[in-house]
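Pasting the sequence and the predicted model now:
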Amino acid sequence: MLLRILACVLMLSAPQVFASEDVPYPGTIKLDVDATDIARHIFDVRQTIPVDGGREVVLLYPQWLPGNHADYGRVQDIGGLKIFASGERLEWRRDPINVFAFHVDVPEGVAELDVEFQFLSAVAADKGRVVMTPEMMNLQWVRVVLYPAGHFARQIKIDASVTLPDGWQAATALRVASTAANVINYKTTTLETLADSPLFAGKHFTRVDLGRAGDAPVYLNVFADEADSLEITDEQIDIHKAIVQQADKLFQSHHFDHYEFLFGLTDRLGGIGLEHHQSSENTMSPDYFTDWETSFLGRDLLAHEYVHSWNGKFRRPADLWTPDYETPMGGSLLWVYEGLTQYYGYVLAARSGLLTNEQTLDALARTAAFYEQQPGREWKSLQDTTTDPISNQRGSLSWSSWSRSEGYYSEGQLIWLDADTLIRQMSRGKRSLDDFAAAFFGINNGSFEPVTYTFDDIVKALNDVQPYEWHDFLRSRLDGHGPGAPLDGIARSGYELTFTDEPSEYFGARETYYESNDLTHSLGAWVNNEGTISSVVWKGALFDAGLVSGDVVVAVNGTAYTADRLKKAITAAADAKQPINLLIKDGEQYRTAAIDYYGGLRYPQLEKKGKKATILDAIYEPR
């Protein structure tokens, strides 16, 4: 009780952060970032902030970051914060409630504050996402700025510059004002645009013209660990141009005056796939272009993030739009923001040729099978998973199949496939979800100003395309508990989810990439090439035997573990109806486990019903 009273006293006595108003901030902030300390991964920041003297100013470090759907600002990564006025150092006080806020008493007559600090980016993966290497960097301006409280982000003007290592080149959606040696000065912009316009830079760089979306040019800016990764064929360029062309035909609009794909081919920089209004922020493996035939996993990424320029950045869920970066966000419509984007990311990947139809179908089969088996639906609705970025902070989970994390992405994809096939069926092929996309996201062509939407707006827009009980259709899938995943769209599209004892090319590529064996639909777990178990399915065969993630399979039926031996044992058990005996290492303890599973190897696939072209074939057909 005493602690509670003390907390209340602190809250009442603590300085309060000012509410934001939609009025211009007087003056223009100057932001200079020195990004040359690549050896120590340190960004050195200098700011000049216009102020009115004689009052308190509150400076904020961004907390709730667009595209992250949660409070992922890392105020703990700034160091050396010092604030000066006319050369005299001023003391700051951190807000005891909002630790992202810094209070400064500004003396009379002072017109500007000089601020300096360092952004101490991760030096290794176990410290966070690595954003600076000897070959490449990913500068997110939203990580290297303090801004004054009391104003919408779009009302704060900023002049930004960056100093790069010698010989490096950069790409960003920001417009360049001037360059001098290795310093790039950008044109005056708003804090909102700056925060939404990250920068990639590096030693090895090429820029590819992907044509135009309407009258807006689109570019693919590729950075790599090694120069050899930048060998791009004309055919590959044409495929990436087709992303732009197919999106143009889908949305029949654009909401940018230019678009920059920021693309890192790296296994040294931390991975990322993040959307922005006029750019994307993506990394893939170094062999993305040079091993094109086999490096297709995740190749929907660029298409996915490009769709976000329409869905998420221009049209935005009402509870995900905030005036600044301290106002909490809500994720109730993430099944649209991310789920519909996941759907169209794969559709555009197929239509453009990023993925073959077979690869796209195999990816869909895996998604369908994964959610069909997911036991967590029993207690947790898809709608509730929209709280996961905030409640779980996207952390790892011991029992992910039971905890059921962030299903709004790929299970959301299944719901939108269901809606698309239903529209096509009811309209006898005259209309589709593409008509919804063009009508809903195609408004205000050329405008950058975000337009928010609600659940009711989605229902109305669907009804405008095809009258139906869309409210009940969506709510039953968002709030229900199964049994099973929403697979009506697959059945309606002319395919059926089945299982085979041989992995598809897509499934096999995943196993090779992760150096692990996906036995989700047989033993109910992943087992890597060294025998370590992970992702144990709740109430699956290994779960029932008492095994957990981190246990190590040492031997299979008395013989030293190999991935091949385990798979052969699964097949043999199906014929002999005898348990699979595993020797398990659990920390310092060894024990045996008899696995009562007799269903053989099972890998998902979509089997076509009949020989005629299907609805799904039509969905993936280029327009």
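Okay, I see it.

What count of nearby residues applies to residue 564?
For residue 564, the count of nearby residues is 11 (other Cβ atoms under 10 Å). To be clear about C-beta, it is placed using only N, CA and C from the backbone, and glycine gets the same treatment.

From residue 545, how far out is it?
Distance of residue 564 to residue 545, computed by Cβ to Cβ, to the nearest Å: 21 Å.

Kindly report the same for residue 352.
Taking Cβ to Cβ, one finds residue 352 at 45 Å from residue 545.

what residues go with each domain of the protein?
Here the domain parsing of the chain from automatic domain parsing is 1-202, 213-260+284-496, 522-601.

tell me the mean pLDDT for the shortest one?
Computed over domain 522-601, the mean pLDDT rounds to 97.

mind checking the end-to-end distance for that domain?
6 Å (Cα to Cα, to the nearest Å).

cool, stretch 476-488 as well?
13 Å.

List the buried residues in it.
Of the residues in stretch 476-488, 477, 478, 485, 486, 487, 488 count as buried by neighbour count, 16 or more other Cβ atoms under 10 Å.

Quick check: which ranges of this structure have low pLDDT?
Along the chain, segments meeting pLDDT under 70 span 1-18.

cutoff 80 now
Low-confidence segments of the chain, defined by pLDDT under 80: 1-18, 392-395.

Helices along the stretch 251-400 of the chain, start to end?
Secondary structure of the stretch 251-400 of the chain (DSSP state H, counting those that start in this stretch): helices located at 301-307, 334-337, 339-352, 357-373, 382-385, 388-391, 400-403.

which one of these lies closest to residue 456?
Ranking those by proximity to residue 456 (Cβ to Cβ) places helix 334-337 first, at 12.3 Å.

So which other helices or strands are in contact with that closest one?
strand 315-317, helix 410-426 (3 or more Cβ pairs under 8 Å, 6 or more residues apart in numbering; DSSP states H and E).

Could you dump those into a markdown table and include distance to residue 552 and mean neighbour count?
Supplementary listing: the helices and strands packed on helix 334-337 in a markdown table, determined by distance: least, Cβ to Cβ, whole Å; neighbours: other Cβ atoms under 10 Å:
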| stretch | distance to residue 552 | mean neighbour count |
| --- | --- | --- |
| strand 315-317 | 43 | 22 |
| helix 410-426 | 29 | 23 |
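
mind listing what's buried in the helix or strand where residue 491 lies?
Assigned by DSSP states H and E, residue 491 belongs to helix 488-492. Buried positions in helix 488-492, judged by neighbour count with 16+ other Cβ under 10 Å: 488, 489, 490, 492.

wait, residue 371 sits on residue 414?
Yes - with contact defined as Cβ atoms under 8 Å, residue 371 reaches residue 414; the gap is 6.6 Å.

Give the residues shared as contacts by these two.
Taking Cβ atoms under 8 Å, 6 or more residues apart in numbering as the criterion, residue 371 and residue 414 both touch residue 485.

which residues in the stretch 51-200 of the chain form strands?
56-60, 78-85, 88-90, 92-94, 101-105, 112-120, 136-139, 147-148, 157-163, 169-172, 176-180, 183-186, 189-190, 199-202 (DSSP state E, counting those that start in this stretch).

what's the second one in contact with?
To tie it back to what came earlier, the one meant is strand 78-85. Residues outside strand 78-85 that contact it (Cβ under 8 Å, 6+ apart) are 53, 59, 61, 89-90, 92, 102, 104, 106-107, 110, 112-120.

In PyMOL, how would I select just the buried ones from those residues?
Only the buried entries of the contacts of strand 78-85 go into this PyMOL selection, using 16+ other Cβ under 10 Å:
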select buried, resi 59+61+90+92+102+104+106+110+112+113+114+115+117+118+119+120
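
In a strand, residue 553, correct?
Yes - per DSSP: H, G, I helix; E, B strand; the rest coil, residue 553 lies within a strand segment.

thinking again about what came up before, export the helices and strands packed on helix 334-337 to TSV and append columns for distance to residue 572.
Shown next, in TSV, are the helices and strands packed on helix 334-337 (distance: least, Cβ to Cβ, whole Å):
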stretch	distance to residue 572
strand 315-317	51
helix 410-426	33
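
angle of the helix or strand following the helix holding residue 491 against helix 357-373?
The C-terminal neighbour of helix 488-492 among helices and strands, as given by DSSP H and E, is strand 495-500. In terms of direction (axes from the mean of the first three to the mean of the last three Cα atoms, to 10 degrees), strand 495-500 departs from helix 357-373 by 80 degrees.

in its sheet, what does strand 495-500 sit against?
When pairing is defined by DSSP bridges, strand 495-500 lines up against strand 603-608 (antiparallel).

CA atoms only: put the strand it pairs with into PDB for me.
Only the C-alpha atoms of strand 603-608 are listed here, as PDB (Å, rounded to 0.1, in the frame of the first residue of the first chain):
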ATOM      1  CA  TYR A 603       4.500 -32.000 -45.700                       C
ATOM      2  CA  PRO A 604       1.700 -29.700 -46.800                       C
ATOM      3  CA  GLN A 605       0.800 -29.100 -50.400                       C
ATOM      4  CA  LEU A 606      -2.100 -27.600 -52.300                       C
ATOM      5  CA  GLU A 607      -3.700 -30.200 -54.600                       C
ATOM      6  CA  LYS A 608      -5.700 -28.900 -57.600                       C
END
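
How far away from the center of its chain is the helix or strand that that strand is followed by?
Under the assignment DSSP H and E, the closest C-terminal helix or strand after strand 603-608 is helix 615-620. Mean-position distance between helix 615-620 and its chain equals 26 Å (Cα atoms, centre = their mean, to the nearest Å).

got the contact list for the residue nearest to residue 58 when sequence neighbours are not counted?
For residue 58, ignoring the flanking residues on the chain, the nearest one in space by Cβ to Cβ, 6 or more residues apart in numbering is residue 149 at 4.0 Å. Going by Cβ under 8 Å, 6+ apart, residue 149 touches 17, 18, 20, 57, 58, 59, 60, 101, 324, 326.

can you check residue 324 too?
Shown in contact with residue 324 (Cβ under 8 Å, 6+ apart): 20, 60, 147, 149, 151, 152, 153.

Out of those, which comes closest to residue 398?
Of all the contacts of residue 324, residue 60 has the smallest distance to residue 398: 35.4 Å, by Cβ to Cβ.

Might you report the residue contacts of that closest one?
Contacts for residue 60 (Cβ under 8 Å, 6+ apart) come out as 17, 100, 101, 102, 146, 147, 148, 149, 324, 325, 326.

which of the residues you listed are the two that sit furthest away from each other?
Largest pairwise distance in the contacts of residue 60, by Cβ to Cβ, is 14.9 Å, between 102 and 324.

tell me the phi and psi of the closest residue in space to residue 314 that isn't next to it in sequence?
In space, and not counting its chain neighbours, residue 314 is closest to residue 255: 4.1 Å by Cβ to Cβ, 6+ apart. Backbone torsions of residue 255, given as degrees, to the nearest 10, read phi -130, psi 50.

Check residue 129 too.
Per degrees, to the nearest 10, the backbone of residue 129 is at phi -80, psi 130.

gap between it and residue 272?
Residue 129 is 7 Å from residue 272, by Cβ to Cβ.

Looking at these two, which is more packed in?
Neighbour totals were compared for residue 129 and residue 272, and residue 272 leads with 18 against 14 (other Cβ under 10 Å).

Helices along the stretch 501-623 of the chain, start to end?
For the stretch 501-623 of the chain, the helices defined by DSSP H, counting those that start in this stretch occupy 505-514, 541-544, 563-576, 615-620.

how about those helices, which one is nearest residue 446?
Here helix 615-620 is closest among the helices of the stretch 501-623 of the chain (Cβ to Cβ), at 28.1 Å.

So which elements touch the helix or strand containing residue 236?
For residue 236, the host element (DSSP H and E) is helix 234-251. Packing partners of helix 234-251 (3+ Cβ pairs under 8 Å, 6+ apart): strand 204-213, helix 301-307, helix 339-352, helix 433-441.

ok, 10 Å please
When contacts are defined as 3 or more Cβ pairs under 10 Å, 6 or more residues apart in numbering; DSSP states H and E, helix 234-251 sits against strand 204-213, strand 216-224, strand 259-265, helix 301-307, helix 339-352, helix 433-441.
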